[in-house]
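Peer 1: Model the structure of this input:
(2 chains)
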Amino acid sequence: MRVYGSILKLRLLVGFQYRTAAIAGVATQLFWGFITIMVFEAFYKYAQTPPISLKELIDYIWLKQAFLVFITLWFRDNELFDLITSGNIAYELCRPCELYGFWYAKLLAQRLSSAFLRCFPILFVALLLTKPYNMTPPQSFSAFLLFLTALILGLLLLVSISMFLYISVFLTMSPVGSLLIFSVIGEFFAGLIIPVPLMPEPLQKIADLLPFRWTADFPFRVYSGHIPVQEAIMGIVIQTVYTIILIWLGRAALNHVLRRVAVQGG
Amino acid sequence: MIHLDGIGKSYKIAKRQTGLRQAAKALFYREHTIVHAIKDISFSINQGEIVGYIGPNGAGKSTTIKIMSGILMPDTGICTIMGYTPWKDRTQYVQNIGVVFGQRSQLWWDVPVADSYQLLKDIYKIPQQDYKNTLNLLIETLELQTIIHTPVRQLSLGQRMRCEMAASLLHNPKILFLDEPTIGLDAVSKMAVRQFIRTINKEKGVTVILTTHDMNDIEALAERVILIGKGSLLYDGRLEELRKRFGSHKTITVEYKNNPNPVHIPGAATLSWSPQRAILSVDTNTMKTSDLITELSSQVELEDVTIESQPIEDMLVQLYKEYRV
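Peer 2: Model (predicted):
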């Protein structure tokens, strides 16, 4: 367990070295948040019975902007890709740790450290904005706890999904293809491009079947209250099940590719 | 301590001819060749030995090291190290070994070296007191005081290599695998690295297996050498033995007062000649050096004589030739 804490710490240290990147990130997220809200605002002017209210949608957008690194698949650890393609993975294999857990911790740490520097300023600004652009505080403490659980489980689920991206690089030796496929499909069905409730019926059905929706759409709508408590608790169970299954599968897949790995040269 | 028996490993490599047509053909059908990186490698190494593992490029040195450190799984053979089979009991086994790959890095690029060490401490679950003692010793012997708080990206290659070496030894391994630890280093850094390897071998009894292309490393460190070429074991024994077998040639450079006639000594080969200087080569098994000099002084008026043993590099070239590798 200590190892994982240590990795997180080191990652944070690396993150702190790139302050400018964090500041730039915050500015971009805020700007992008505004644009998205304005676009939806324009649409909502002519909407008759929207499946999600503008208020809920704005909460959704600000949360998405603040926790972007928790929910995007394209946020990747190039170091791991380099390790695989350059053969530096040799060193990782000389460590008395199981590689899956070790990398899972690395990826988790990277997202946490990155979010740590970015989410608070964005949430702070979003809460202070004037109506109608502001984000509303959580409705109750219990609703907030529910959201937090869903968010963390969503993060764990996302990392277990992204793990497959790294595993695929063992076979393809290039992250470009899998990254494209994963991010396009994953992000669309996670509700990052348009929120799931605004999708046409058939697409919503597909989104329900895939794990991606549980990483972003679900926790954000729990926050805004669009998903009622009963349903939220059920969702958390689903998240947990998905995470366990994907970690189990990922681990098996990684151990399988490692058996065939050949570190060449040097 | 280390025991290899009949280890073999082959890679499947896609090959194709150059040119567009061949490239297009390879889209549909690929020819594969099986490259035997190593075949039937067997040796045993005892505790506390320093073994030089040498061979030309592509001989299979790194492959063997990778198999011994649990990274690769061989196709055939048995390998037992400290009672473990490296690739099967990987996680327990690697606790006992340290590995340095000269061409790769294990330190975090963006953070000071000390932070990387801290992580290694937790990965290997090193108790605080042990960690402190080992680190202090390493800092002292490798002279890391000034660089340990510098981010890795700002270190020179020599500095980085010293840090890498320390990183591989933090957990007090019993065996140290060094895969070209002196590659790209300047003379001073090389000396430091060698001195350090000698120290940890003497003081801590660490078994060291070292691959290198720099024969000075081998001469300075290893009493025993294992030579492989094209994947097969060619020689396993003491360095002196090797020298005796192949190093009987001596090169003699003589300078003398102007002499228009080329020197000619029966039994010795003249490598180059000028009116003031000649370089001769002699096989000490057939002719004593002293006899040669006596003979020389009868022919010319000597001013200076230099006798050199054959450099180990030349010996190797000869050896590689003999084994056709």
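Peer 1: which parts of the stretch 151-300 of chain B sit against chain A?
Peer 2: When proximity is defined as C-beta under 8 Å from any C-beta of the partner chain, the stretch 151-300 of chain B approaches chain A at B:151, B:179-180. Just so you know, the C-beta spots here come from the backbone N, C-alpha and C atoms, and that holds for glycine as well.
Peer 1: which ones among these are found in helices?
Peer 2: Among those, none falls in helices (DSSP state H).
Peer 1: Which of those are buried, as a ChimeraX select command?
Peer 2: Buried residues among these (16 or more other C-beta atoms under 10 Å in any protein chain shown), as a ChimeraX selection:
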select /B:151,179,180
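Peer 1: could I get the residues of the stretch 151-300 of chain B next to chain A as a markdown table with pLDDT?
Peer 2: Written out in a markdown table, the entries for these read as follows (pLDDT from 0 to 100):
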| residue | pLDDT |
| --- | --- |
| B:Pro151 | 89 |
| B:Asp179 | 88 |
| B:Glu180 | 87 |
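Peer 1: among the residues of the stretch 151-300 of chain B next to chain A, which are in strands?
Peer 2: When those are checked against strands (DSSP state E), the matches are B:Asp179.
Peer 1: Spatially nearest residue to A:Arg251, not counting backbone neighbours?
Peer 2: For A:Arg251, ignoring the flanking residues on the chain, the nearest one in space by C-beta to C-beta, 6 or more residues apart in numbering or on different chains is A:Tyr100 at 4.5 Å.
Peer 1: count of neighbours near that neighbour?
Peer 2: When neighbours are defined as other C-beta atoms under 10 Å in any protein chain shown, A:Tyr100 has 20 of them.
Peer 1: That one against A:Met163, yeah?
Peer 2: Yes: with contact defined as C-beta atoms under 8 Å, A:Tyr100 counts as touching A:Met163 (7.4 Å).
Peer 1: Give the residues shared as contacts by those two.
Peer 2: Counting by C-beta atoms under 8 Å, 6 or more residues apart in numbering or on different chains, the residues touching both A:Tyr100 and A:Met163 are A:247, A:250, A:254.
Peer 1: Closest one of these to chain B?
Peer 2: Of all these, chain B sits closest to A:Leu254, with 13.4 Å by C-beta to the nearest C-beta.
Peer 1: and B:Glu219, how many neighbours does it have?
Peer 2: B:Glu219 is flanked by 15 other residues according to other C-beta under 10 Å.
Peer 1: Validate this expectation: it resides in a helix.
Peer 2: Yes: under the criterion used here (DSSP: H, G, I helix; E, B strand; the rest coil), B:Glu219 sits inside a helix.
Peer 1: can you map out the helices along the stretch 51-200 of chain A?
Peer 2: When secondary structure is read from DSSP state H, counting those that start in this stretch, the stretch 51-200 of chain A shows helices at A:54-66, A:68-71, A:78-86, A:89-92, A:99-128, A:141-172, A:175-190.
Peer 1: okay if I get those as a markdown table plus distance to B:Leu170?
Peer 2: A markdown table is the format used below for the helices of the stretch 51-200 of chain A (distance: least, C-beta to C-beta, whole Å):
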| stretch | distance to B:Leu170 |
| --- | --- |
| helix A:54-66 | 39 |
| helix A:68-71 | 32 |
| helix A:78-86 | 20 |
| helix A:89-92 | 13 |
| helix A:99-128 | 17 |
| helix A:141-172 | 27 |
| helix A:175-190 | 31 |
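Peer 1: Need these in a markdown table (columns: mean pLDDT).
Peer 2: Conversion of the helices of the stretch 51-200 of chain A to a markdown table gives the following (pLDDT from 0 to 100):
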| stretch | mean pLDDT |
| --- | --- |
| helix A:54-66 | 90 |
| helix A:68-71 | 87 |
| helix A:78-86 | 82 |
| helix A:89-92 | 85 |
| helix A:99-128 | 88 |
| helix A:141-172 | 91 |
| helix A:175-190 | 85 |
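Peer 1: who wins for proximity to B:Glu240 among these?
Peer 2: For B:Glu240, the closest of those is helix A:89-92, at 33.6 Å, according to C-beta to C-beta.
Peer 1: List of residues touching the closest one?
Peer 2: Where contact means C-beta under 8 Å, 6+ apart, the residues beyond helix A:89-92 that reach it are A:83, A:99, A:102-103, A:261, A:263, B:66, B:69, B:71, B:99, B:101, B:104-106.
Peer 1: Spell out which parts of the stretch 1-150 of chain A neighbour chain B.
Peer 2: For the stretch 1-150 of chain A, the residues in contact with chain B (C-beta under 8 Å from any C-beta) are A:2-3, A:5-7, A:10, A:13-14, A:17, A:79, A:86-88, A:90-91, A:93-98.
Peer 1: which stretch among the helices of the stretch 51-200 of chain A comes nearest B:Ile123?
Peer 2: The closest approach between B:Ile123 and any of the helices of the stretch 51-200 of chain A, judged by C-beta to C-beta, belongs to helix A:99-128 at 8.1 Å.
Peer 1: and the closest one, how far from the chain's centre?
Peer 2: Computed by C-alpha atoms, centre = their mean, to the nearest Å, the chain-centroid distance of helix A:99-128 equals 9 Å.
Peer 1: Report the contact partners of the closest residue to A:Cys119 other than its chain neighbours.
Peer 2: On the basis of C-beta to C-beta, 6+ apart, the spatially nearest residue to A:Cys119 that is not a chain neighbour turns out to be A:Ala66, at 4.4 Å. Contact analysis of A:Ala66 by C-beta under 8 Å, 6+ apart lists A:29, A:115, A:118-119, A:122-123, A:126.
Peer 1: For those, work out which two are farthest apart.
Peer 2: Spatial extent of the contacts of A:Ala66 (C-beta to C-beta) is set by the pair A:Ala115 and A:Ala126 at 14.7 Å.
Peer 1: Look at the two and report which has more neighbours.
Peer 2: With neighbours defined as other C-beta under 10 Å, A:Ala115 and A:Ala126 compare such that A:Ala126 has more, 23 against 20.
Peer 1: Can you verify my assumption that that one contacts A:Thr136?
Peer 2: No: applying C-beta under 8 Å as the test, A:Ala126 and A:Thr136 come out as separate, 9.7 Å apart.
Peer 1: The nearest residue to A:Met163 once chain neighbours are set aside sits in which helix or strand?
Peer 2: With sequence-adjacent residues excluded and distances taken as C-beta to C-beta, 6+ apart, A:Met163 is closest to A:Gly250, at 4.4 Å. Using DSSP states H and E, the secondary-structure element containing A:Gly250 is helix A:229-260.
Peer 1: Just give me the closest of the contacts of helix A:89-92 to B:Val188.
Peer 2: Out of the contacts of helix A:89-92, the one with the shortest distance to B:Val188 is B:Ser105. That distance is 20.9 Å, counting by C-beta to C-beta.
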